[in-house]
Structure formats: structure tokens, C-alpha cells
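**Student:** Give the three-dimensional model of this entry:
(chains A and B)
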Amino acid sequence: EPEVTQTPSHQVTQMGQEVILRCVPISNHLYFYWYRQILGQKVEFLVSFYNNEISEKSEIFDDQFSVERPDGSNFTLKIRSTKLEDSAMYFCASGRQGGETQYFGPGTRLLVL
Amino acid sequence: SQQGEEDPQALSIQEGENATMNCSYKTSINNLQWYRQNSGRGLVHLILIRSNEREKHSGRLRVTLDTSKKSSSLLITASRAADTASYFCATDASGGFKTIFGAGTRLFVKA
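**Tutor:** Sure, this is the predicted structure:
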């Protein structure tokens, strides 16, 4: 069964460094999402992406964040200058249609020191 | 902004008992979804109920939706130890472009 994959599974970085989190959505899906979950807290929406552009973004998704679909398969989240409070689990999700079932990847655990 | 809030925050039951979790939200929705998350892992979609539906079943899961009260409930019947996980409701009102998750209910099923 197709699934969403994410790399790396864990990333440790120094404050101020750039990180790129990678996701491979399910191949025939058209809607892509990034979420984050700070340890012990709820899943927070970051951004949605459809038709090669951002559809919606949350207040968390400021100028330090960007997303890209560089080719037909990858979907990336870049954090330009990481802060301590960016430490969290980042989940990618994809779906065939907006508002329908989203399929989540296993997540990337980011630790900013 | 809309927000799903689940209650209880935590629930501990014996295997074989039923577990009921509730979710409330604030704004109009197109649909409401329930997801499950095992500790530290990704979310798994359980069931979607549309705003014009009142009840939906899937195996041991039963979901209800009351749009007049802006609330939903998830019932897991005949629970098993393997049902131990966190359960989140999620709402969408922007045509699928923004999904808001509640804080979740942590369910612990004792064998």
C-alpha cells in the first residue's frame, strides 16, 4: 500500500542553521500539508500546498519557513534560521482531494540546540 | 479561528469496555475527521463525517456529529489493549486547505 515517507527521521541542528525536511507524498495525491507537534502538545497546521502554490498558511508559518515541490515527487519544508522553539515533530501529509482523508508520514523529529 | 477540543483529556478503561471521546469546535465546518496517533508516531485516519451526516460507523468505531451543538463523539466499542493511543478530532472549513486538530484524548486500555 502506498505511503507518505519523510526524511530524515531525526535531525539535530544548531540554532540559526537552516534545515530542510523532505517528504515524498503518495504519487496520485494533489494536496500536500505540513504540520508540527511540539512534544506532548497538539498537532498544529503549518501550510497547505496545491497546484504548485501555497493555499493556506498559519500564523506559525512566518518568513523563516518555505515550502517547495522541486520535482514531481518531493515536497520540502525549509526553515531558514532555526530557533530553539522550532524543536518539534514535523509531519507531512497528502490527500487526493482537499478536505478529505489525509495520509500522514511518520514524521521528522527536529531538535534545535 | 476554529478549534477542536476533546474531552476527556485522558481516559483509562479495562479491555472490553467502551470508550467515548468528545470533541467540540467553534465555527461552521465542511466535515470532521478523527485520527489516531500511537506514541510519537504519525497520525492514522479513522473516519470522516460530513456536515450533513449525523452518524457513521466503521467496524468498532461509531462517530456522531451534532452541528447545532458543534460537537462530535467517537465511540470505540469492546476496546482492546491495542486501542491504546491518542485520538484527535480535526475540522476543516476552508475547502480542504486548512485542517485544525484538537488537543486530543489519551486513551489507555488495560489488559
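**Student:** tell me, how many neighbours does residue B:69 end up with?
**Tutor:** Residues lying near residue B:69 (other CB atoms under 10 Å in any protein chain shown) number 9. Yep, even glycine has a C-beta here, placed from its N, CA and C like the rest.
**Student:** For the residue nearest to it when sequence neighbours are not counted, give the beta-bridge partners.
**Tutor:** Once flanking residues are discounted, residue B:69 sits nearest to residue B:24: 7.8 Å by CB to CB, 6 or more residues apart in numbering or on different chains. Beta-bridge partners for residue B:24, by DSSP bridges, are residue B:5, residue B:71.
**Student:** Can you give me the neighbour number for residue B:24?
**Tutor:** 16.
**Student:** What of the one 5 residues further on?
**Tutor:** The number of residues packed around residue B:29, counting by other CB under 10 Å, is 24.
**Student:** next one: residue A:13
**Tutor:** So residue A:13, with other CB under 10 Å, has 16 neighbours.
**Student:** returning to that earlier point: ok, the residue nearest to residue B:69 to residue B:89 distance?
**Tutor:** 9 Å (CB to CB, to the nearest Å).
**Student:** And for residue A:65?
**Tutor:** 26 Å.
**Student:** which residue packs closest to whatever residue of chain B ends up closest to chain A, ignoring adjacent ones?
**Tutor:** Minimum separation of chain B from chain A (CB to the nearest CB) falls at residue B:96, amounting to 2.0 Å. With sequence-adjacent residues excluded and distances taken as CB to CB, 6+ apart, residue B:96 is closest to residue A:98, at 2.0 Å.
**Student:** So which residues of chain B form strands?
**Tutor:** B:5-7, B:10-14, B:19-24, B:31-37, B:43-50, B:55-58, B:61-66, B:71-76, B:85-92, B:99-101, B:105-110 (DSSP state E).
**Student:** Residues touching the fifth one, excluding its own?
**Tutor:** With CB atoms under 8 Å, 6 or more residues apart in numbering or on different chains as the contact definition, strand B:43-50 has outside contacts at A:43, A:91, A:93, A:100-104, B:30-38, B:55-56, B:58, B:61, B:63-65, B:72, B:74, B:87-88.
**Student:** buried stuff in that strand?
**Tutor:** Within strand B:43-50, the residues scored as buried using 16 or more other CB atoms under 10 Å in any protein chain shown are B:43, B:45-49.
**Student:** Narrow the contacts of strand B:43-50 to just the buried residues.
**Tutor:** Buried members of the contacts of strand B:43-50, counted by 16+ other CB under 10 Å: A:43, A:91, A:93, A:101-104, B:30-37, B:61, B:63-65, B:72, B:74, B:87-88.
**Student:** Can you tell me which residues in chain B are near chain A?
**Tutor:** By CB under 8 Å from any CB of the partner chain, the residues of chain B that approach chain A are B:30-31, B:33, B:35, B:37, B:40-45, B:48, B:88, B:90, B:92, B:94-104.
**Student:** and if we set it to 7 Å?
**Tutor:** Contact residues (CB under 7 Å from any CB of the partner chain) of chain B with chain A: B:30-31, B:41-43, B:45, B:48, B:88, B:92, B:94-104.
**Student:** And those residues, which of them are buried?
**Tutor:** B:30-31, B:42-43, B:45, B:48, B:88, B:92, B:94, B:96-104.
**Student:** now residue B:65, which residues is it bridged with?
**Tutor:** Beta-bridge partners, per DSSP bridges, of residue B:65: residue B:72.
**Student:** Closest residue of chain A to chain B?
**Tutor:** Chain B sits closest to residue A:98 of chain A, with a gap of 2.0 Å, by CB to the nearest CB.
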